[in-house]
Structures are given as C-alpha cells and as structure tokens.
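# Prediction below, plus the sequence it came from.
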Amino acid sequence: MYFSAFGGGLMSQLTVAKFGGTSVADHQAMLRCANIVKNRPETRVVVVSASAGVTNHLVRLSQENVSTQEREQIIAEIKAIQVNIIEQLEQPQKLLGQIEALLTELAELASQQSMQHTGQTADAIMSFGEQMSSLLFTQVLRSVGVDGERFDVRDVMATNSLYGKAVVEVDLLATQAQQKLLPKLADKVVVTQGFIGRDGLGNTTTLGRGGSDYSAALLAEALNADNLAIWTDVVGIFTTDPRITAQARAIDEISFGEAAEMATFGAKILHPATLIPAMRCNIPVFVGSSKEPERGGTRIQQTVASNPTYRSIALRREQTLVTVKSPAMLHASGFLAKVFAILAKHELSVDLITTSEISVALTFDNPTGSTQALINSTVVKELEQLCEVSVEHGLSLVAVIGNNLHQTSDLGEQIFDKVEDTVIRMICHGASPNNVCFLVPEQAANGVVEKLHDTLFV
Ligand code: ADP
Ligand code: ASP
Ligand code: MG
C-alpha cells in the first residue's frame, strides 16, 4: 500500500497491464480483457496495442508509391476491423464518428506519404492503430462497469526524433507521468497507447515493432508501479516458442536476467527492451494469456527458487553475417575501432562477434518490419576502404538460455552433438553465463530448435 500523491487517499497496489494485438483483436477479445481489469482492481493503467493486423496494414500505408486504389482498400480493411467492434457497443454512432475522423486524417497522411516519403509521416501513420484501439477499449471497459478514461500517452512519453525507433527520455517521462497521469489514477482506470510517443518538436514517434510491451514497462517505472502484467495469447513464457514445437511448456518463474536474454535473442513474447525498466526498478512482471487468465502465467523477478542450467531456447530469424578480412589486422591495433566507427556512423548495432588472426565475423539483427537492408551498399563500400567484406544472409540465430553456462562442462554433448548434421556457421560463448548462441542456415533452424528442445527439456 502507498499513500497516493493526489488527494491524500490510500491506494492499494498499482499494476500496469498491457494487452497485445490478439488480445484486442475484436469485441470478444476486448471484453475478456475488460473483465481481467475489472476482476483485478489493482490494475489502474491499461496499455493497449493496435488490434491484430492493423499495424501491418499501416506499415504498407507508410510506404511510398502506394496507389490511391490500394490505399483506399487498406483503409477500408482497417475500418472493417474497427466497425466490427463498434457494432457491439452502446452509442455506436458517436464512436463511429470518432473513428471516421481518425481515418480521414490517416487517409490524408497516407496520400502525402505516397507522394513524398518522410520518416516523420511514417511514424504519424503507424500511430493510428493504437489511437483507435485505445478509444474502443475504453468504451468496452465502460460497458463492463469500469470507469475508464482514455489518455494520450504522447503527453508523457517523451522521445527523441529517431523515427521508427525513437529513444524515450526516461526522466522527462517520469516527471510528466507523475504530473499528468498519476493524479487520474485515484478514481479512473486510464487506458493508453503502447508503441507511440512524441518528440520535442511535437511530432508523433514510434518505439519499434512490438514496442507496446516496452511502453508498458516504461510507464510502470515512471509511475512506481508494484507490478507489470503482460497479457498476450499464450499462458506465459515457454521453454521455446510454442509455434515451433508442441513440446514447449510454460515456465512458472524465471529471473530477470534469463528473461531479458530470451527477449533479446528473439522470444517474440517480450519486446527486447521490456525488462530494462523493470530491472532498473525491480518491478515484478507477470506474463499470462488474456484468453485463459485463470491458468496463471509466468512470474519474472529478480531472484527465483531454481536456476537450472538449461532454461529455454530462443530463435531469431533473418540474421546477417558480415565477415571483414584484412592482412593489415595482423599485429595491428586500431583496425576494429575503424570498423566499429563506420558501423556506429550508420547506427548499426553489432550482435555477435568472433575473431581470427586476420578476420572478424559480426552479426546483425534484421528487426521485423524494417523495410531497408541494414547492411546496404554504402556501408559495404565504406568498409571496403579498409578491408575485404563478405555479407551472408539466410541465417538464424539459436540461443540456448540458462544459468552458469560459462562454467558448464557438457555443452558439447548436450548441444552440439545433437545438431551434428547441421552446418553451424558461428558460435558465441563465454561472454555471458546466461547464453550460448550459434548461427544455423534458416531452413534448418526449426529442426535444430526441436531437437535441442527434446534433449534439454523433454
Ligand atoms: P502480443 O500481440 O500479445 O504482443 P506477440 O505475438 O508479440 O503477442 O507475442 C506472443 C507470441 O510470442 C506467442 O504467440 C508465441 O508464438 C511467441 N513466442 C516466441 N517465443 C516464445 C516463448 N519462449 N514463450 C512464449 N511465446 C513465445
Ligand atoms: N502495434 C505495434 C506492432 O504491431 C506495437 C505492438 O503491438 O506492440 O508492432
Ligand atoms: Mg508483442
């Protein structure tokens, strides 16, 4: 319990709850989420994603050279998703008017964008999914008797102007959330948007695909919340993606460190940055299914009862491997610094690294939704001024996650023997006690994960 800063009332625990795209896909799904909020009165802040499929439509609208006909068709499809929800609600006319006003604004931006593409307009376009879902979810919440109020997260979620992957200004967010958001929580449940923010120029920004988890974690931190709940379409974090193998099973409890490794290495269930704010403030995170809330879920916290050697396997597809090779590297200092200076200039972040006498291999993630090749010809040309460069695609990164892996003697037997018929293109081990990572050909990836899962967890 804590004494609230507003009105001096005594408020119980504060939970920030986030509902993902499938959880707010249609009226029935939204209704289930509304009941989750109703049955858990400590949930005072609700962060919603766009209804499933809407952001993918918006990605297309945010591109250039989209024909008028295609734009109209996409907007009609987005509208149909909203109208299906509105039809189930009271006062549909008022809501329909609000959604139509948003869609008119969206159509105008998409038309501008098709003629002249800018990152700023792309982000403005991408924000409409969350703008609409938060409007509708507030109404669904009211329909089950919860006093919900929609709040524009852009009034507190301050970011820089790196459109498409804006960086949040955490201190400014905290000050603004304490001033503008916290006072509302005394008597309302606030419904707000994940994924979007606003830069210092007043323009809408986005935090990167899947960013609503991160938004919710940041808001939990800014509001000093006691808990963060991520409601999604599976009953918690599994030993691996349940879409890869039916043998995957839910984990009851997992440490921040392990879960952060999973998120970083591709477990889509959490946006990679989600646990950073939670760890900073030691806020426990719950992950559960909005379809089956009664089945419980996974608790992520600082310390957990068991720390098994092998906890889970994550898979990240579409990795790019760049090998730079130069005889000048032999006994020379400063070569890597020059390579990294070029990468930093292009804002490319390196994932895995291995080195040999005269060459270095580096991997780069290709975040879902990115429309350009990350390692483009400009980067390659600049690197070629220094060394020979080769770029390989079609690789997946497998990460085995657990505890004390850097001190474990049976990795060869437990991991590599089991995939001996697969070409392992690169191995990274030793930097972290929590992971062993390696690259395999894309087409072999699912099979590798299945085999390893059978060995380590079944
Ligand atoms: P949301 O729309 O709620 O944010 P996502 O689709 O982003 O949901 O994430 C949930 C999905 O993450 C699951 O349906 C599952 O396929 C995938 N996933 C990947 N790895 C894991 C894992 N280790 N445990 C559970 N789900 C995982
Ligand atoms: N709607 C955004 C996306 O689809 C953000 C999210 O769902 O987390 O990427
Ligand atoms: Mg997600």
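Looks like it came in fine. Predicted, not measured: the structure shown is a model, and the values here were computed from it. Ligands and ions are numbered 1, 2, ... in the order given.
# Quick check: buried residues in the longest helix anywhere in the chain?
As assigned by DSSP state H, the longest helix anywhere in the chain is helix 92-115. Of the residues in helix 92-115, those buried by neighbour count under the rule 16 or more other CB atoms under 10 Å are 95-96, 98-99, 102-103, 106-107, 109-110, 113-114. To be clear about C-beta, it is placed using only N, CA and C from the backbone, and glycine gets the same treatment.
# wait, C281 sits on N224?
Yes: using CB atoms under 8 Å, C281 is in contact with N224, at 7.3 Å.
# Mind jotting down where the strands sit in the stretch 351-458 of the chain?
For the stretch 351-458 of the chain, the strands defined by DSSP state E, counting those that start in this stretch cover 359-364, 388-402, 426-429, 435-441.
# any chance of those in JSON lines, with distance to I415 too?
Below are those laid out as JSON lines (distance: least, CB to CB, whole Å):
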{"stretch": "strand 359-364", "distance to I415": "18"}
{"stretch": "strand 388-402", "distance to I415": "6"}
{"stretch": "strand 426-429", "distance to I415": "10"}
{"stretch": "strand 435-441", "distance to I415": "6"}
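# Tell me which of the ones you listed approaches ligand 1 most closely.
For ligand 1, the closest of these is strand 388-402, at 9.3 Å, according to CB to the nearest ligand atom.
# Go ahead and confirm C387 touches V339.
Yes: contact criterion CB under 8 Å: C387 and V339 qualify, at 7.5 Å.
# before we move on, back to that, which other helices and strands contact the longest helix of the chain?
Packing partners of helix 92-115 (3 or more CB pairs under 8 Å, 6 or more residues apart in numbering; DSSP states H and E): helix 54-61, helix 68-86, helix 119-126, helix 128-143.
# in the stretch 51-200 of the chain, which ranges drop under the pLDDT threshold?
Counting by pLDDT under 70, not a single residue of the stretch 51-200 of the chain qualifies.
# show me what contacts S215?
Residues in contact with S215 (CB atoms under 8 Å, 6 or more residues apart in numbering) are 18, 47, 153, 157, 193-197, 207.
# Take those and keep only those in helices.
Using DSSP H, none of the contacts of S215 sit in helices.
# any chance of those in JSON lines, plus distance to Q91?
JSON lines is the format used below for the contacts of S215 (distance: CB to CB, whole Å):
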{"residue": "K18", "distance to Q91": "26"}
{"residue": "V47", "distance to Q91": "24"}
{"residue": "V153", "distance to Q91": "24"}
{"residue": "M157", "distance to Q91": "29"}
{"residue": "Q193", "distance to Q91": "21"}
{"residue": "G194", "distance to Q91": "25"}
{"residue": "F195", "distance to Q91": "27"}
{"residue": "I196", "distance to Q91": "26"}
{"residue": "G197", "distance to Q91": "30"}
{"residue": "L207", "distance to Q91": "32"}
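# Identify the farthest-apart pair in these.
Greatest spatial distance in the contacts of S215: K18 and G197, 15.3 Å, computed using CB to CB.
# Near ligand 1, which residues of the chain? Just list them.
Remark: the part of the chain in contact with ligand 1 comprises 20-23, 49, 210, 232-234, 237-238, 240-243, 267-269, 312, using CB under 6 Å from any ligand atom.
# give me the subset of those touching ligand 3.
20, 210 (CB under 5 Å from the ion).
# Selection in PyMOL covering whichever of the residues of the chain next to ligand 1 are buried, please.
Buried residues among the residues of the chain next to ligand 1 (16+ other CB under 10 Å), as a PyMOL selection:
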select buried, resi 20+21+22+23+49+210+232+233+234+237+238+240+241+242+267+268+269+312
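# Out of the residues of the chain next to ligand 1, which sit inside strands?
If you go by DSSP state E, those have 232, 312 in strands.
# returning to what we had before: can you check what angle separates the longest helix of the chain from helix 68-86?
Relative orientation of helix 92-115 and helix 68-86, computed by axes from the mean of the first three to the mean of the last three CA atoms, to 10 degrees: 160 degrees.
# returning to that earlier point: overlap in contacts of C387 and V339?
Both C387 and V339 are in contact with V324, where contact means CB under 8 Å, 6+ apart.
# more crowded one of those two?
V339 (22 against 19; other CB atoms under 10 Å).
# and the more buried one, that's in a helix?
Yes: counting by DSSP: H, G, I helix; E, B strand; the rest coil, V339 is part of a helix.
# Use 418 as the first number for this chain going forward.
All right, first residue 418 from here; so that's V756.
# who touches it in this structure?
Contacts here follow CB under 8 Å, 6+ apart; on that basis V756 touches 741, 777, 800, 803-804.
# Most neighbours among the residues you listed, which one?
V741 (23 neighbours).
# so what's that residue closest to, chain neighbours aside?
Of all residues not flanking V741 in the chain, C804 sits nearest, at 4.7 Å (CB to CB, 6 or more residues apart in numbering).
# From K835, how far out is T726?
15 Å (CB to CB, to the nearest Å).
# Get me the contact residues on the protein for ligand 3.
Within reach of ligand 3 by CB under 5 Å from the ion, the chain has these residues: 437, 627.
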